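K.L.:
okay, predicted coordinates and the sequence, questions at the end:
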Amino acid sequence: MLFFPTWKIIHKGTSPISGDFRIEKKDTVTRLVVEGYIQSVSANFPDIKNTVWGNIASLAKDEMPIAKNALILGIAGGTVPALLIDKMSNLKITGVDYDPEVVGKSIKFLNHKLLKLHKSLKLTYADAFKYITKNKQKYDLIIADLYTGGKFDPRFEQSGFIKALACGVNPHGAVIINRIFISNIAKEIATFADKLKKSFGLVESKRVRTKFYETSYNILFVCHL
């Protein structure tokens, strides 16, 4: 009889910000699930390069191979910064998330050794909208991955937020934004791209089909001034 290991819950919690979350493990791989949605995975996740997190990290490396600093809005379990540090060892990262309970437990249990050993990541707990709209620093790379479970705050597609992203990136830099669309995908892409083009001179999109949800697509928007 063949035995296929299943995901085992190794931690369960409830956050007043994100709601119910759990951390699961299968063999040496771990993942964070928030309100039923997979939010992060450990850096050793099988075929991680083809996940949305792997695609974000690869795009970042391709767009800004000599980036010196980066701002990541939405850390969750730390998958993206872990992959970035592995690809770009000299990159200084500021990570912003508003839920210390989920982030703290996730990084601990997802066991990102790169995050534990590397001093390139500075964590800040704050509301991403308020943080970026008050930000005065310039970054070579900004990544916005702002989902809480399956929820997306509409503030993150408003003109004020998009303008703040444009103001926060260096003239030669890049902004990468992760969005999830389920229906009318082509129309949703065009509508959001039009909003971005009011603040950025060049906007491109990459469609990533994840292995988790066969009916939904992650769209990564890459923006340059």
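P.N.:
That came through fine.
K.L.:
strand partners of the lengthiest strand in the chain, parallel vs antiparallel please.
P.N.:
The longest strand of the chain (DSSP state E) is strand 169-181. Next to strand 169-181 in the sheet, as set by DSSP bridges, lie strand 139-144 (parallel), strand 217-224 (antiparallel).
K.L.:
not counting its own residues, what contacts the last one?
P.N.:
Where contact means Cβ atoms under 8 Å, 6 or more residues apart in numbering, the residues beyond strand 217-224 that reach it are 52, 55-56, 59, 63, 165-166, 173-182, 185, 188-189, 192-193, 196, 199-210. To be clear about C-beta, it is placed using only N, CA and C from the backbone, and glycine gets the same treatment.
K.L.:
mind listing what's buried in that strand?
P.N.:
By 16 or more other Cβ atoms under 10 Å, the buried positions in strand 217-224 come out as 217-224.
K.L.:
can you give me the strands in this structure?
P.N.:
In the chain, the strands defined using DSSP E lie at 8-15, 19-26, 29-34, 37-41, 69-73, 92-97, 121-125, 139-144, 147-148, 151-152, 169-181, 202-209, 217-224.
K.L.:
need those strands in a markdown table (columns: distance to residue 80).
P.N.:
Rendered in a markdown table, the data for the strands of the chain read as follows (distance: least, Cβ to Cβ, whole Å):
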| stretch | distance to residue 80 |
| --- | --- |
| strand 8-15 | 20 |
| strand 19-26 | 17 |
| strand 29-34 | 13 |
| strand 37-41 | 8 |
| strand 69-73 | 6 |
| strand 92-97 | 9 |
| strand 121-125 | 11 |
| strand 139-144 | 6 |
| strand 147-148 | 13 |
| strand 151-152 | 17 |
| strand 169-181 | 9 |
| strand 202-209 | 13 |
| strand 217-224 | 11 |
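K.L.:
beta partners of the closest residue to residue 12 other than its chain neighbours?
P.N.:
Nearest residue to residue 12, sequence neighbours excluded (Cβ to Cβ, 6 or more residues apart in numbering): residue 22, at 4.7 Å. As for beta bridges, residue 22 partners with residue 12, residue 33 under DSSP bridges.
K.L.:
Provide a list of residues in contact with residue 22.
P.N.:
Residue 22 sits next to 9, 11-13, 32-33 when contact means Cβ under 8 Å, 6+ apart.
K.L.:
recalculate using a threshold of 10 Å.
P.N.:
Shown in contact with residue 22 (Cβ atoms under 10 Å, 6 or more residues apart in numbering): 7, 9-14, 31-36, 105, 109.
K.L.:
so which of those residues wins on neighbours?
P.N.:
Comparing these by number of neighbours (other Cβ atoms under 10 Å), residue 32 comes first, having 26 neighbours.
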